[in-house]
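K.L.:
here is the input, now give the coordinates:
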Amino acid sequence: MPSLLPPVSLSQRMVMVVASKTRMIAPFENRIFQVYDLLWKVALPFLKHNRRLADGFNQRLFLTSRPEPADIWIQAASVGEAFLAVDLVKRLRPDREISVLLTTNTLQGKSIIDQSEAEISSNPRIIRTQSAFFPFDRPRVMHRAVQRIRPNLMVLLEAELWPAHLATLKSTGAPIVVVNGRLSAKSLKRYRHFPSLWYRVAPDRVLAMSAADGKRFAILCGRDRVKVIPNLKFDRLAFQPPTAKSSNPLKALFAPQAKILVLGSVRREEEDDISRIINRIRSVQPETVFCLFPRHVQRLNAWSAILDRQRHPWTLRSHILNAVAPGSVILWDTYGELVHAYELCRAAFVGGSLAPLGGQNFLEAMASGVIPVIGPHWDNFAWVGKEVVTGRLVRVATNWQQAADLLILELNAVPEREKARRKALQFVRERQGGMTSACQLIEGYLKNTSSNRTSAVDDQTRI
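P.N.:
Here you go, the predicted structure:
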C-alpha cells in the first residue's frame, strides 16, 4: 500500500498511550500525529476506489473477517515477501503449539499465503496459520487490530515500517523484529525528519540483508539492535539437478547440435531492442534458433506482427510437430518451459533489463549452467550482489548492441555447462544461512513468552 506522506505517526491520543509506556513526546510531534490521523480520514474515501486496495477493503479497516489472536504476526508486503514468509513459517521449530497470522498488502501476496496453508499445516509441527490483509495504518484502525490480534511477537519482512502500527505494538510490550531488513538512503532521509519519534517506535531487533542496509538501520534504531545476515532469498534458491538432455521435454524441437539462443522474459518496453538483437545475430549466425519468451502472453500478437514485418521464419511453440529448421524463431505460447529451454541453449538473454524495469530472474539460467546476458537495469536483483558480475556468472551489457555481441560470443564458445553450474551453486551456497538466523531469533522470542500478552491499550484509550 503506497504511503500517503513521509511516514509520521499516530493521533495525539494514541501518542498519549505510547507515552504512558515511554517518555513524553514533544508538543510539535503531537501535532504531527494529529495531522497523520486527519490525512488518513481524508484519504480513505479515495482509497476505496483504488483497484489494488478494493480487495478486502473492509478487512483493511478491520471491520469484517477479523483474524483470531496469534502468537506471531508476520507482515509480508507483497509477492516476494509472501514467499519468504511462507518459507520462514515452514522452517520454524517451536517448542509448543503456536498460531501464526500472515498479513500482506496485495491480493497476489494473499493468494500465495492461502495456497501454502495446507502445506504448512501438513508439517509434523503444530503450527496453525491464518491470513488477512494488513490493516490501514490509521491509528484507530490499528488500535482495533492490535487489540484483537494481541501478538507475542511482530515480524516485519524487509521494509514495512508503519508508524501507527509500531507505536501501538510498543504500547502492548510486544517485541518487534525486522527480518531481511532493507532501508534505502532515500527512506532513511525521510525518517530522519523526526529522529526522536522513530527511535521511540523503532523495532527491537533488525536482521538486515546487507552491510549498507545495516548501517542505515543503525542510524535509525541504534547500532545495538542491528545485525547483518545473508539475504533470505538465497535460501529460497534450490539448485535442482539438471534434466538429462535425453529426457528434456523440449529435445524434439531442435536438430542435434543446434545453436539455441533463449530470449527469456522479454518485456514490452524492450521489444524494439530485442528485435534488433535478433536481426544482428541472424546476420552473423544465420543458423541460430531463437526461443522467444515474452513475459506477458498478451504480447504474442504484437510479436507475431514484428516477426512478419521483418520476414523472420517463425512458429508458435504450440504448433511445432517436428524439429524446427536452423534460423527459425520459436514464439513461446505455452507455460512452464523456460527452465527446460535454458538447459538446452548455448546462450541466453534475460529480459526486463534493457529498459528501466528492474530486470527478470536470471538465476534460473545460472542454475542451468548458462552464463546469461542481461541489460544494465537489474535493480530488482541487486540483492544478489555485484559479485555475480565480477565473478563472471552473469554478463551485463550497456545496450542492445553490446548484448548482441556478447550473445554471439557465447554461441561460438565451447559449452562448459557443468563448470558454470557448479560455480553458480557455490556462489549461492556461500550466501545462504539467513533463514536459519531468522528462525533462531524468532524461536528465542517464543521461548520467553508462554502466552499472548494482554494489551496495554484498554477501552478507555480507544481512539
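K.L.:
next one: phi and psi at residue 206?
P.N.:
Note on residue 206: its backbone torsions stand at phi -130, psi 120 [degrees, to the nearest 10].
K.L.:
which residues touch it?
P.N.:
Residue 206 makes contacts with 177, 178, 181, 214, 217, 221, 225, 226, 227, as judged by CB atoms under 8 Å, 6 or more residues apart in numbering. Where you see a C-beta, it was placed from the backbone N, CA and C, and this is true even at glycine.
K.L.:
all strands for this protein, in order.
P.N.:
Using DSSP state E, the strands found in the chain span residues 72-76, 98-104, 127-133, 153-157, 176-181, 205-208, 226-228, 260-266, 289-294, 314-316, 329-331, 347-350, 373-374, 395-396.
K.L.:
between these, which one is nearest to residue 323?
P.N.:
strand 289-294 (9.3 Å; CB to CB).
K.L.:
what packs against the closest one?
P.N.:
Strand 289-294 sits against strand 260-266, helix 271-284, helix 300-309, strand 329-331, helix 338-344, with contacts defined as 3 or more CB pairs under 8 Å, 6 or more residues apart in numbering; DSSP states H and E.
K.L.:
format the ones you listed as a markdown table; extra columns: mean neighbour count, distance to residue 58 and mean pLDDT.
P.N.:
Shown next, in a markdown table, are the helices and strands packed on strand 289-294 (neighbours: other CB atoms under 10 Å; distance: least, CB to CB, whole Å; pLDDT from 0 to 100):
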| stretch | mean neighbour count | distance to residue 58 | mean pLDDT |
| --- | --- | --- | --- |
| strand 260-266 | 25 | 36 | 97 |
| helix 271-284 | 18 | 41 | 97 |
| helix 300-309 | 14 | 38 | 97 |
| strand 329-331 | 23 | 44 | 98 |
| helix 338-344 | 21 | 39 | 95 |
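K.L.:
which one of the strands of the chain is the most hemmed in?
P.N.:
Most buried of those, by mean neighbour count (mean count of other CB atoms under 10 Å): strand 347-350, with a mean of 28.
K.L.:
what sits up against that one?
P.N.:
So strand 347-350 is contacted by 260-265, 274, 277, 342, 359-362, 365, 370, 372-374, 403, 407, 410-411 (CB under 8 Å, 6+ apart).
K.L.:
so which of the helices and strands packed on strand 289-294 gets nearest residue 162?
P.N.:
strand 260-266 (32.3 Å).
K.L.:
centroid residue for the chain?
P.N.:
residue 80 (2.4 Å; CA atoms, centre = their mean).
K.L.:
picking that back up, flag whichever of the contacts of residue 206 scores worst on pLDDT.
P.N.:
Note: of those, the lowest pLDDT belongs to residue 221, at 90.
K.L.:
can you pull out the helices in the stretch 101-250 of the chain?
P.N.:
Ranges of helices in the stretch 101-250 of the chain, per DSSP state H, counting those that start in this stretch, are 107-121, 139-149, 163-172, 185-191, 195-201, 211-221.
K.L.:
if you count neighbours, what's buried in the longest one?
P.N.:
Of the residues in helix 107-121, those buried by neighbour count under the rule 16 or more other CB atoms under 10 Å are 107, 109, 110, 112, 113, 116, 117, 120.
K.L.:
show the contacting residues for the residue nearest to the second one when sequence neighbours are not counted.
P.N.:
Leaving out its chain neighbours, the residue that sits closest to residue 109 by CB to CB, 6 or more residues apart in numbering is residue 82, at 3.9 Å. Contact partners of residue 82, counting by CB under 8 Å, 6+ apart, are 76, 102, 104, 108, 109, 110, 112, 113.
K.L.:
okay, the first one: pLDDT?
P.N.:
Meaning residue 76. 95.
K.L.:
name the nearest residue to it, sequence neighbours excluded.
P.N.:
Nearest to residue 76 is residue 85, by CB to CB, 6+ apart, at 4.0 Å.
K.L.:
surely the one you found and residue 103 touch.
P.N.:
No - when contacts are counted by CB atoms under 8 Å, residue 85 is not listed as touching residue 103 (9.0 Å).
K.L.:
what sits in contact with each of the two?
P.N.:
Shared contacts of residue 85 and residue 103 (CB under 8 Å, 6+ apart): 74, 76.
K.L.:
as JSON lines, the helices and strands packed on strand 289-294 with distance to residue 233 would be great.
P.N.:
Shown next, in JSON lines, are these (distance: least, CB to CB, whole Å):
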{"stretch": "strand 260-266", "distance to residue 233": "17"}
{"stretch": "helix 271-284", "distance to residue 233": "27"}
{"stretch": "helix 300-309", "distance to residue 233": "30"}
{"stretch": "strand 329-331", "distance to residue 233": "31"}
{"stretch": "helix 338-344", "distance to residue 233": "18"}
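K.L.:
helices or strands up against the longest helix along the chain?
P.N.:
Using DSSP state H, we find that the single longest helix of the chain is helix 27-47. Packing partners of helix 27-47 (3+ CB pairs under 8 Å, 6+ apart): helix 12-21, helix 139-149, helix 195-201.
K.L.:
excluding chain neighbours, what is closest to residue 290?
P.N.:
residue 329 (4.4 Å).
K.L.:
so what's that neighbour up against?
P.N.:
Residue 329 touches 278, 289, 290, 292, 307, 312, 313, 314, 315, counting by CB under 8 Å, 6+ apart.
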